[in-house]
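K.L.:
Give the three-dimensional model of this entry:
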Amino acid sequence: MRFGVNYVPSQTWWYLWSDWNLAGVRRDLADIAALGMDHIRIQLLWPEFQPNERATSAQNIERLVKLLDEADRHGLDVEVTVLDGQLSGFLFVPAFLIDNTDGHIHNFITDPELIATQRRLFAALARRIGSHPRFLGFDISNEVYWLTQPLHVPFTPAQGDRWMEALLAECERVAPGRFHVNGVDKWPYETDQPNQFTRRALTRAGSASAIHPWAGFGPVFQKYGPLATPATHYAEFYVQYMQAFSEHGDRTIWIEEDGCSKQWVTESLIPRWAEASIRNAASCDHLFGITWWCSHDVNRRYTGFNTLEYDLGLYTNDRRLKPLGRTIRELISEFDRTPPAVIARPTALVIDANMGSDRIHPHFSDLVDRGLRPQIVLSERTTDEAYLAGRGITTLVRLDDRDRPSPKPSPPGA
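P.N.:
Numbering: from 1, shown residues only. Sure, this is the predicted structure:
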């Protein structure tokens, strides 16, 4: 299992692209390498790299190359997240998306000309970094709906699927054989109805299916406590839930972001939750790896971020390692010596395809509390004996066949 971190530059955040600080990057990557990480995920800002429909920024692409060169010196692969119009609560809108007559935002999910514009950016990036030894792949966008939703850019799940599949195919065309994904959080999975993308498309498009579990946005921590089963098995649950929608139940899944703020959890408990969560997720088959959010706290000279954004790092802003960072460093060292074992999961919880993850999570947690570590399977697949055998499933548990107590909260003080 691979372990990495979402890199947040300690000095200039991702304003780095216009306020370049190579010495700061070099120090930050040394911090990350010292934890034993093998990869980072980085964020471009869309208007910084594509200021015009027909132009990309040669300067910033060269700075990206320099960052990859530094990553190479520290043994770190780099996943490059490209169409970042939303990041850490701020919106970064390319000027060419804004109609100058009434200010509305053109629909870059459905407009063929704007999709062609996006393809030009990926092609320009691939020409410079596509063969770089540390280029892991493209993440097409960071949670793209948190840009489209506030800007009132509507699209149906079917349109979202077409956009995603076309861009991921373009990534494979311009940078073949690399690890290309769509960086989504859990929002498309939570509700019963399809939301922005369909679950089946998310579990077939690209090289892997990304997920950002974020129990603090659940609000799982707030409801159950950080050390209760629903919280410590939350990332594991999402790996199993997503797998149910993949064709053969063997989809590669990447926990591309996970983290915790002291705004949600007593700070002393964060390392305990993180260790339990990582160990539980690491027990899943077909897991590419875990990429923590994030490397360094946001520099407080920058105002306007959500309060929790300033304390998510493994390092403080002045590059002091936190207890959470030490815990993760020790886990990585342990996993390097003794890779975590994948556990057998002969029991599967049966769900209907229209059941969102919010509805299923308590039932999964109940089974864990009963001593089971279940898989999840769609009801439509329960008569396919070859499929069940391929996933090692011998026992099916149906929601209407069982007494379902609520998950137990943490004991007082936990």
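
K.L.:
Only C-alpha atoms from now on, for both contacts and neighbour counts.
P.N.:
Noted.

K.L.:
list the contacts for the residue nearest the centre of the chain?
P.N.:
Among the residues of the chain, the one closest to the centroid is residue 256, at 3.0 Å (CA atoms, centre = their mean). Listed by CA atoms under 8 Å, 6 or more residues apart in numbering, the contact set of residue 256 reads 183, 210, 211, 212, 289, 290, 291, 292.

K.L.:
Now do the nearest residue to it once chain neighbours are set aside, the pLDDT please.
P.N.:
In space, and not counting its chain neighbours, residue 256 is closest to residue 291: 5.0 Å by CA to CA, 6 or more residues apart in numbering. With respect to pLDDT, residue 291 scores 98.

K.L.:
How about the one 5 residues further on?
P.N.:
Residue 296 is assigned a predicted lDDT (pLDDT) of 98.

K.L.:
Do I have it right that it meets residue 9?
P.N.:
Yes. Applying CA atoms under 8 Å, one finds residue 296 in contact with residue 9, separated by 6.7 Å.

K.L.:
Does residue 119 touch residue 170 like I think?
P.N.:
Yes. At 6.9 Å, residue 119 counts as touching residue 170 under the criterion of CA under 8 Å.

K.L.:
Stretch 298-309 spans what distance, first to last residue?
P.N.:
6 Å (CA to CA, to the nearest Å).

K.L.:
quick one: that stretch to chain centroid distance?
P.N.:
Mean-position distance between stretch 298-309 and its chain equals 21 Å (CA atoms, centre = their mean, to the nearest Å).

K.L.:
contact partners of that stretch?
P.N.:
Outside stretch 298-309, the residues that touch it by CA under 8 Å, 6+ apart are 8-13, 88-90, 261-263, 297, 310-311, 313, 317.

K.L.:
Which among those count as buried?
P.N.:
Buried members of the contacts of stretch 298-309, counted by 16 or more other CA atoms under 10 Å: 8-13, 261-262, 297, 310-311, 313, 317.

K.L.:
backbone phi and psi for the residue lying closest to residue 259 once chain neighbours are set aside, please?
P.N.:
With sequence-adjacent residues excluded and distances taken as CA to CA, 6+ apart, residue 259 is closest to residue 293, at 5.2 Å. Backbone torsions for residue 293, taken as degrees, to the nearest 10, come to phi -110, psi 110.

K.L.:
residues touching residue 293, list them.
P.N.:
Applying CA under 8 Å, 6+ apart to residue 293 gives the contacts 5, 6, 7, 257, 258, 259, 312, 313.

K.L.:
so which strand or helix has the fifth one?
P.N.:
Just to be clear, that refers to residue 258. Taking DSSP states H and E as the definition, one finds residue 258 inside no helix or strand.

K.L.:
circling back to that earlier point, would you mind giving the contacts of residue 293 as CSV with pLDDT added?
P.N.:
As requested, these are arranged in CSV below (pLDDT from 0 to 100):
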residue, pLDDT
5, 98
6, 98
7, 98
257, 98
258, 98
259, 98
312, 98
313, 98
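
K.L.:
which among those residues end up buried?
P.N.:
5, 6, 7, 257, 258, 259, 312, 313.

K.L.:
gap between the fourth one and residue 247?
P.N.:
Distance from residue 257 to residue 247, counting by CA to CA: 24 Å.

K.L.:
In the chain, mark out all the strands, start to finish.
P.N.:
Applying DSSP state E to the chain gives strands spanning 2-6, 39-43, 77-81, 86-87, 90-91, 135-142, 181-183, 209-211, 253-255, 287-293, 347-351, 375-378, 395-398.

K.L.:
Nearest to residue 126 among those strands would be which one?
P.N.:
For those, proximity to residue 126 was assessed by CA to CA; strand 135-142 is nearest, at 9.2 Å.

K.L.:
Okay, now the sheet partners of the closest one, with direction.
P.N.:
Applying DSSP bridges, strand 135-142 is found paired with strand 77-81 (parallel), strand 181-183 (parallel).

K.L.:
wait, residue 287 sits on residue 252?
P.N.:
Yes. With contact defined as CA under 8 Å, residue 287 and residue 252 form a contacting pair (5.8 Å).
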